[in-house]
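>>> Provide a 3D model corresponding to the input given below.
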Amino acid sequence: MPPSPSVTGLLASRSVILTGHTGFKGPWLTLWLSEIGAHVSGYSLPPPTDPNLFDALDGAALLVRHVLADVRDRDRLAGAMDEAAPEVIVHLAARTTVRQSYTEPVETLSTNVLGTLQVLEAVRTVGRRCAVVVVTSDKCYHNDESGRPLMETDRMGGADPYSASKAAAELAVDAYRASHFPPAQLDRHGVALATARAGNVIGGGDWTPDGIVADIVRAPTRREPVRVRNPSAIRPWQHVLEPLDGYLTLATHLIGPRAAAFCRGWNFGPRPFGEATVAALVERFLDGWGEGRWIDESRPDQLHEAGVLRLSVDAAINELGWHPRWGFEEAVARTVRWYSRYVNGLVGARAACVDDIAAYSLAGPPGR
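Purely as a prediction, here's the structure:
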């Protein structure tokens, strides 16, 4: 395995722009980049929930520039990119849930596909040398639900509007990489472009409507059971710091001397067969929380969501030197601890996140 590059050393003092910095992953990544000395700019709509992690972290104070605007606004986005003069761009802005995509399919496809196209157009028109990591999803693949871990070479597809939007975003990136930013001509155009496909993330500060962790945290305080739609569904659960470490590791390769070799799609998920059912996640979380119960609300006529989803991370391990550090149990325990300390007023959101970042940075790969 090649040695993992030093994220701290290579990104310190660099200009980084994040789209979607007010969501769930975005505030965690903003804080982490700020902690390692990067100069971070953010471009996003206002935080989508109340409460939200961005405000809990006082995220605006971590940023060099904080722009609240729609990622589909080409002129505003290009202006923000030009002003930030980024060396690294991480595109996170997106609609993020399958169920919302069924009720708002046009908005989901527009945000996730057109938004990605506008980011790529802004990069093209601004004309700066930079590394670009476009974050899509593990749901971008045509999933036959055989249980086989999906690989980066598998074809794109989607059986719901959200999955289709992420598959289409991947195809859009492929088209721009082939036409405007070919890796073989990187010295000419200067744009190293890659995509990142993560598993299902958990961690402190997630208040996403219909998000399983947010539902678990809210239910006991309301003296209600956690209502679980797909308890037997298997997902590649991972702590939010796992894919963020993957995005940063990928970015360091894209600004390195062999950048052209890494301009493609990459999976960041748990170790092989480190996945678990939704029911297992809920039960382990409630055990750690110390109260609450759940009920099965699955129905034969409910909207389709994949029954099994696994990711192969062999390429990231063998070629990027990245590896998952926290297994399922540790990811859940860390998430429970974050919410328990924060909800009970024992620690602020920023201190809780910094504690997790420090512990993760010191962790090695699981011994199993």
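
>>> right, and residue 199 touches residue 312 too?
No. Using CB atoms under 8 Å, residue 199 is not in contact with residue 312, being 11.2 Å away. All C-beta spots, glycine's among them, are computed from the backbone N, C-alpha and C.

>>> who's more crowded, those two?
A direct count of neighbours by other CB atoms under 10 Å for residue 199 and residue 312 places residue 199 higher, at 25 against 17.

>>> what sits against the closest residue to that one other than its chain neighbours?
For residue 199, ignoring the flanking residues on the chain, the nearest one in space by CB to CB, 6 or more residues apart in numbering is residue 236 at 3.2 Å. Contacts here follow CB atoms under 8 Å, 6 or more residues apart in numbering; on that basis residue 236 touches 138, 199-200, 269-270, 274-275, 309-311.

>>> Go through these and name the one nearest residue 50.
Set against residue 50, the nearest of the contacts of residue 236 by CB to CB is residue 200 (23.5 Å).

>>> What ranges does the stretch 151-300 of the chain have for its helices?
Applying DSSP state H, counting those that start in this stretch to the stretch 151-300 of the chain gives helices spanning 161-179, 186-189, 212-221, 241-254, 278-289.

>>> TSV for those, including distance to residue 65?
Formatted as TSV, the helices of the stretch 151-300 of the chain follow (distance: least, CB to CB, whole Å):
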stretch	distance to residue 65
helix 161-179	25
helix 186-189	25
helix 212-221	29
helix 241-254	19
helix 278-289	36
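
>>> which of those helices sits most buried?
helix 241-254 (a mean of 25; mean count of other CB atoms under 10 Å).

>>> With only the CA atoms kept, save it in CSV.
The C-alpha trace of helix 241-254 is given here as CSV (Å, rounded to 0.1, in the frame of the first residue of the first chain):
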residue,chain,number,x,y,z
LEU,A,241,-15.3,11.8,9.1
GLU,A,242,-14.5,8.7,7.0
PRO,A,243,-15.7,10.0,3.7
LEU,A,244,-14.4,13.5,4.5
ASP,A,245,-11.0,12.0,5.1
GLY,A,246,-11.5,10.3,1.7
TYR,A,247,-12.3,13.6,0.0
LEU,A,248,-9.3,15.3,1.5
THR,A,249,-7.0,12.4,0.6
LEU,A,250,-8.3,12.5,-2.9
ALA,A,251,-7.8,16.3,-3.1
THR,A,252,-4.1,15.9,-2.0
HIS,A,253,-3.5,13.5,-4.8
LEU,A,254,-5.2,15.8,-7.3
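
>>> and that helix, what's its mean pLDDT?
For helix 241-254, mean pLDDT rounds to 97.
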